[in-house]
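[1] how would this look folded up:
(2 chains, ligands or ions: 2)
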Amino acid sequence: MLEATGVETFYGNIQALRGVDVSIRRGEIVALIGANGAGKSTLLMTICGNPRAASGRIVFESRDIASLPTHEIARLGIAQVPEGRRIFPRMTVLENLQMGATVAEEACYEEDVERVFELFPVLRERQRQRGGTLSGGEQQMLAIARALMSRPRLLLLDEPSLGLAPRLVARIFETIGEINERQDVTIFLVEQNAHHALRLAHRAYVMANGAILLTGTGRELLDNDEVRAAYLEGGAGKTDVERGGDV
Amino acid sequence: MLGTFEYFVDQAINGITLGAIYGLIAIGYTLVYGIVGMINFAHGEIFMIGAFVSIIAFLTLGFLGLTWVPLALLLVLVATMLLTAVYGWALERFAYRPLRRSPRLAALITAIGMSIFLQNYVQLLQGARNKPLQQVIGGGFEIMREGDYVVTLSYLQIFILLLTVVLMAVFTLVIGRTALGREQRACEQDRDMASLLGVNVDRTISLTFVMGAVLASVAGLVFLLNYGVIDFYIGFLAGIKAFTAAVLGGIGSVPGAMLGGLLIGLIEALWSGYFTVEYKDVAAFSILVLVLIFRPTGLLGTPDVEKV
Ligand SMILES: Nc1ncnc2c1ncn2[C@@H]1O[C@H](COP(=O)(O)OP(=O)(O)O)[C@@H](O)[C@H]1O
Ligand SMILES: [Mg+2]
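    Numbers count the residues shown, from 1 in each chain, chains lettered A, B, ... in the order given. Ligands and ions are numbered 1, 2, ... in the order given. Reported below is the predicted structural model:
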């Protein structure tokens, strides 16, 4: 479904991605883990064309999207919940959802709103409230709901559990699984919370210093000693894996 | 006479008319500031171009023998909206868009440069002399009288107020209720997020400049009808006043721009009526300074506390 090969991205002179290869098949949940600053968010944003890849190919459903403008990539069926949620703070919850439906068929709107309200009932209660006044967890739900309003085929999630209470984290991960199964949405999930992510994901990639270090099924990576040491036990410190030690 | 209520009403009517002009221009400043975060200093010139397109359209229609006023007004209104919109669009497309990711100073200097350029462009094409226009809408009716002092509300003033109120209502609805308005507000709050959701940001910004230009063109037409004479320099002072109005009302806020325009118009008219015409501009700017000292975000502006 999505095939990225040799993707390189720069911020000015700083190279953030150094030839990244990632492949996502339809129906999968694929996780991307790695320490802070590894380039995970940059990869998600590069898939959406902002910043643009300096070299490499990004093929979505047999179409090279690497040079398309961001809003046209959204039209093809890729939605992103970016780092930091990015709710429109001075718009109501409902208006935020309407913005999510920008590229969707107008006829589907009522049905889609109903569906995200069923997924996140708290949003129904808050629908007339401004986005900026929601709690962190509610904002995260709204960000996911907003992305779903476009009926995406591929959903990119950047650290959906960041800053949430443990109980909510479990809830969010459960919902991600549900969206994947029931709504036939393929998911590419960036997480610091590697334990949850690897258990949920069918496959996963480990990223460090702008390149993919390792890949395997969620299970394989959970059992991998280097991954355990670096990302599961005691957090995201730099280890052999990141210094390029062979695994 | 000076102390009577009638005199006050007379000045207030003048002030509201003037305020309509400032308000229409101020909306353009506020919309553009909201969405691209720059003060479009060439916006006063867009207003001036609107007045010039209007006078050319009137003269052309007169030359063609069209004298029925309602139709002439309608045609001129449409002509000035369309043509002035093209200027507003081109200004953004060719002068500002290439600089969108440059430092703010670059855009600011470009805006001042475009302002000077457009003034000279009109001066070259149309000459530096005043351009008079015969009265288009005459007459009115008496609303009060005190001895010899008659307060009239002219048909022109009624036309101006109706036109302004209708336009402002339409634009408020567009911004508050339509998909386009929502996209504009989204771009204002988080442009990159809007594009991730499929909003064509360039197109939305273009349309914002077009909307501002359309309103300014109507202000130009109204100015022409009200004063009966224009020149290539009218955009400067009107632009500064309207900018003041936008800041007074709270830059970025559309209702604020309307309110600010009305207040600046009233202050100016009442000051001229009761004190002296010479210092009317100083009066308007002094009020601005006072408001900004006590309420830096303007009357209806919201401080960005919610921005996370
Ligand atoms: N807007 C930016 N400008 C310059 N450098 C950036 C920007 N965003 C990220 N970077 C740099 O790119 C690298 C990758 O960052 P990022 O993709 O955010 O990593 P991650 O999401 O894995 O934490 C980091 O070194 C970061 O400092
Ligand atoms: Mg990140």
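
[2] residues contacting residue 139?
    Unless you meant another one, I'm taking chain A. By CB atoms under 8 Å, 6 or more residues apart in numbering or on different chains, the residues touching residue A:139 are A:85, A:87, A:131. Any C-beta I mention is one placed from the backbone N, CA and C, and that applies to glycine too.

[3] I was thinking of chain B, sorry if that wasn't clear
    Shown in contact with residue B:139 (CB under 8 Å, 6+ apart): B:154-155.

[4] Tell me how many other residues crowd residue B:74.
    11 (other CB atoms under 10 Å in any protein chain shown).

[5] where does it land on pLDDT?
    Per-residue confidence (pLDDT) for residue B:74: 96.

[6] count of neighbours near residue B:276?
    10.

[7] give me phi/psi at it?
    phi -140, psi 140 (degrees, to the nearest 10).

[8] From what I see, residue B:228 and residue B:135 are in contact.
    Yes - here residue B:228 reaches residue B:135: they are 6.4 Å apart, a contact under CB atoms under 8 Å.

[9] which of these two has more neighbours?
    residue B:228 (15 against 9).

[10] quick one: low-confidence parts of the chain?
    You didn't pick a chain, so chain A it is. A:233-247 (pLDDT under 70).

[11] actually it's chain B I care about, not the one you picked
    B:1, B:303-308.

[12] Which helix or strand contains whichever residue of it sits closest to ligand 1?
    Scanning chain B for the residue nearest ligand 1 gives residue B:192, at 10.3 Å (criterion: CB to the nearest ligand atom). Using DSSP states H and E, residue B:192 maps to helix B:191-196.

[13] Quick check: the closest residue to residue B:38 other than its chain neighbours vs residue B:192, distance?
    With sequence-adjacent residues excluded and distances taken as CB to CB, 6 or more residues apart in numbering or on different chains, residue B:38 is closest to residue B:107, at 4.8 Å. Counting by CB to CB, to the nearest Å, the separation of residue B:107 from residue B:192 is 18 Å.

[14] Of those two, give the one with the bigger neighbour count.
    residue B:107 (21 against 14).

[15] Double-check that one against residue B:96; I have them as touching.
    Yes - taking contacts as CB under 8 Å, residue B:107 lies within contact range of residue B:96: 6.1 Å.

[16] hey, what's in contact with both of these two?
    B:36, B:38.

[17] burial of residue 147, as a residue count?
    Answering for chain A, as no chain was given. 24.

[18] ah, no, chain B please
    8.

[19] where does it fall, phi/psi-wise?
    According to degrees, to the nearest 10, residue B:147 has phi 60, psi -120.

[20] where along the chain do the strands fall?
    Chain wasn't specified; assuming chain A. A:2-11, A:14-24, A:29-33, A:55-60, A:63-64, A:78-81, A:154-158, A:186-191, A:203-208, A:211-217 (DSSP state E).

[21] Correction: the question concerned chain B.
    B:131-132, B:140-146, B:149-154, B:229-230.

[22] Would you reformat those as JSON lines and include distance to ligand 1 and mean neighbour count?
    Below are the strands of chain B laid out as JSON lines (distance: least, CB to the nearest ligand atom, whole Å; neighbours: other CB atoms under 10 Å in any protein chain shown):
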{"stretch": "strand B:131-132", "distance to ligand 1": "51", "mean neighbour count": "14"}
{"stretch": "strand B:140-146", "distance to ligand 1": "61", "mean neighbour count": "12"}
{"stretch": "strand B:149-154", "distance to ligand 1": "58", "mean neighbour count": "15"}
{"stretch": "strand B:229-230", "distance to ligand 1": "48", "mean neighbour count": "18"}
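
[23] Compare these and report which one is nearest to ligand 2.
    strand B:229-230 (55.9 Å; CB to the ion).

[24] Quick check: neighbours of that closest one in the sheet, parallel or antiparallel?
    strand B:131-132 (antiparallel) (DSSP bridges).

[25] For the strand it pairs with, which outside residues touch it?
    Counting by CB under 8 Å, 6+ apart, B:52, B:55, B:228-231 sit against strand B:131-132.

[26] Nearest residue to residue A:120 in space, ignoring adjacent ones along the chain?
    residue A:141 (4.2 Å).

[27] Outside of stretch A:204-219 itself, list whatever touches it.
    So stretch A:204-219 is contacted by A:15-22, A:30-35, A:38-40, A:42-43, A:197-203, A:221, A:224, A:226-227, A:231, A:241-242, A:244, A:247 (CB under 8 Å, 6+ apart).

[28] if we can go back for a sec, got the strands of chain B as JSON lines, with distance to residue A:61 columns?
    Below are those laid out as JSON lines (distance: least, CB to CB, whole Å):
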{"stretch": "strand B:131-132", "distance to residue A:61": "60"}
{"stretch": "strand B:140-146", "distance to residue A:61": "67"}
{"stretch": "strand B:149-154", "distance to residue A:61": "65"}
{"stretch": "strand B:229-230", "distance to residue A:61": "57"}
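
[29] List just the one of these that sits closest to residue B:287.
    strand B:149-154 (25.4 Å; CB to CB).

[30] name the helices or strands packed onto that closest one?
    helix B:5-36, strand B:140-146 (3 or more CB pairs under 8 Å, 6 or more residues apart in numbering or on different chains; DSSP states H and E).

[31] Dump the ones you listed to a markdown table, plus distance to residue A:191.
    Shown next, in a markdown table, are those (distance: least, CB to CB, whole Å):
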| stretch | distance to residue A:191 |
| --- | --- |
| helix B:5-36 | 34 |
| strand B:140-146 | 71 |
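
[32] In chain A, which residue sits closest to ligand 2?
    Proximity of chain A to ligand 2 (CB to the ion) peaks at residue A:41, 3.2 Å away.

[33] Give me the buried positions along the longest helix belonging to chain A.
    When chain A is parsed with DSSP state H, its longest helix is helix A:166-182. By neighbour count on 16 or more other CB atoms under 10 Å in any protein chain shown, the buried set for helix A:166-182 is A:168-169, A:171-173, A:175-176, A:179-180.

[34] Give the buried subset of the contacts of stretch A:204-219 as a PyMOL selection command.
    The following PyMOL line selects those of these that are buried, judged by 16+ other CB under 10 Å:
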select buried, chain A and resi 15+16+17+20+22+30+31+32+33+34+35+38+39+40+42+43+197+198+200+201+202+203+221+224+226+227+231+241+242
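
[35] Apart from its neighbours in sequence, what residue is nearest residue A:201?
    residue A:31 (3.6 Å).

[36] these two touch, right, the one you found and residue A:196?
    No - contact status for residue A:31 versus residue A:196: not in contact, 9.1 Å apart, counting by CB under 8 Å.

[37] circling back to that earlier point, switch the contacts of residue A:139 over to JSON lines; also include distance to residue B:112 and neighbour count.
    Shown next, in JSON lines, are the contacts of residue A:139 (distance: CB to CB, whole Å; neighbours: other CB atoms under 10 Å in any protein chain shown):
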{"residue": "A:85", "distance to residue B:112": "38", "neighbour count": "24"}
{"residue": "A:87", "distance to residue B:112": "36", "neighbour count": "25"}
{"residue": "A:131", "distance to residue B:112": "36", "neighbour count": "27"}
